[in-house]
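Chemist: just coords:
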């Protein structure tokens, strides 16, 4: 969503913009790195299409994705940040006649060889940069007035490292959240990261995702009809901040492209190198 993307755009100076079909490519420079910022929009198809556009047109040397997500654990709370160690398409299922669900993974082809991994790891070098960038950083505190759980003592946000689950699904049922975490060890869910990771894998482009937590359905059920309780002003803010800290460590010799997302549309960054 634009609500997410604006937290990146407010921190960089846009040098120029160009329209490519449905995509608005915003060019910027951060710490000597060339960035292309793109808002993909919500959902797996939009995220994959935006990533394919970014790679085809700008030939990035890496793609960085950011945005908000919903927690898969009770202790992962609003304002926390998740560095995606790996991405999982949790709705890639076979539903058997018995009703049993079998997770089949993602079908990709690398160097002519087809395989179906159950998860796609983030690039080790980018993951290392994110770990370093987060080591001396505490995310901005979450406003108490924006849905902080009444039963949980207020605390500063934390940074977690683990799996990000993705699908065109917003999971609210606690039993289902527990099942997803038990099967995939996911810390949170969004609607884009795994699709972006899959396209990057096809092209052998390094990928990293960074998410912040906007909601935790274990503590408060989100209003999906009116979105009256959705923390629009906060979503994506902390993920964008950490993403820029990662970019600043990449070095002036590398170029960058950024795909941005907002709210439930997603942001990606690409390093040519959101």
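Modeler: Received, thanks. Keep in mind that what you see is a predicted model, and the values were worked out from it rather than measured.

Chemist: rest of the way, CA atoms for contacts and neighbours
Modeler: OK.

Chemist: On the three-state scheme, residue 69 is what?
Modeler: Three-state call for residue 69 (DSSP: H, G, I helix; E, B strand; the rest coil): strand.

Chemist: Next, work out how far apart it and residue 42 are.
Modeler: Computed as CA to CA, to the nearest Å, the residue 69 to residue 42 distance reads 12 Å.

Chemist: before we move on, what about residue 179?
Modeler: Using CA to CA, residue 179 is found at 24 Å from residue 42.

Chemist: Please say which of these two ends up with more neighbours.
Modeler: Neighbours were counted for residue 179 and for residue 42 using other CA atoms under 10 Å; residue 42 has more, 20 against 13.

Chemist: so residue 86 sits right up against residue 120, yeah?
Modeler: Yes: using CA atoms under 8 Å, residue 86 makes contact with residue 120 at a distance of 5.4 Å.

Chemist: buried ones in stretch 7-23?
Modeler: In terms of neighbour count (16 or more other CA atoms under 10 Å), stretch 7-23 has its buried residues at 7-9, 23.

Chemist: cool, and stretch 110-125?
Modeler: For stretch 110-125, by 16+ other CA under 10 Å, it's 118-123.

Chemist: Which of the residues you listed lies at the shortest distance from residue 234?
Modeler: residue 122 (25.2 Å; CA to CA).

Chemist: still on that earlier bit, and the furthest pair within the buried residues of stretch 110-125?
Modeler: The distance between the two most remote of the buried residues of stretch 110-125 (CA to CA) is 16.2 Å, for 118 and 123.

Chemist: Check the gap between residue 159 and residue 238 for me.
Modeler: For residue 159, the distance to residue 238 equals 10 Å [CA to CA].

Chemist: which residues do the two both contact?
Modeler: Common neighbours of residue 159 and residue 238 are listed as 81, 139 (criterion: CA atoms under 8 Å, 6 or more residues apart in numbering).

Chemist: These two: which has the busier surroundings?
Modeler: Using other CA under 10 Å as the criterion, residue 159 and residue 238 rank with residue 238 on top: 29 against 19.

Chemist: Validate this expectation: that one resides in a strand.
Modeler: No: under three-state DSSP, residue 238 falls outside any strand and is assigned helix.

Chemist: Correct me if wrong: it contacts residue 139.
Modeler: Yes: contact criterion CA under 8 Å: residue 238 and residue 139 qualify, at 6.0 Å.

Chemist: For stretch 160-179, the averaged confidence score.
Modeler: Per-residue pLDDT over stretch 160-179 has a mean of 97.

Chemist: what comes into contact with that stretch?
Modeler: Applying CA under 8 Å, 6+ apart, the contact partners of stretch 160-179 are 43-44, 72-73, 80-91, 184-195, 217-218, 221-222.
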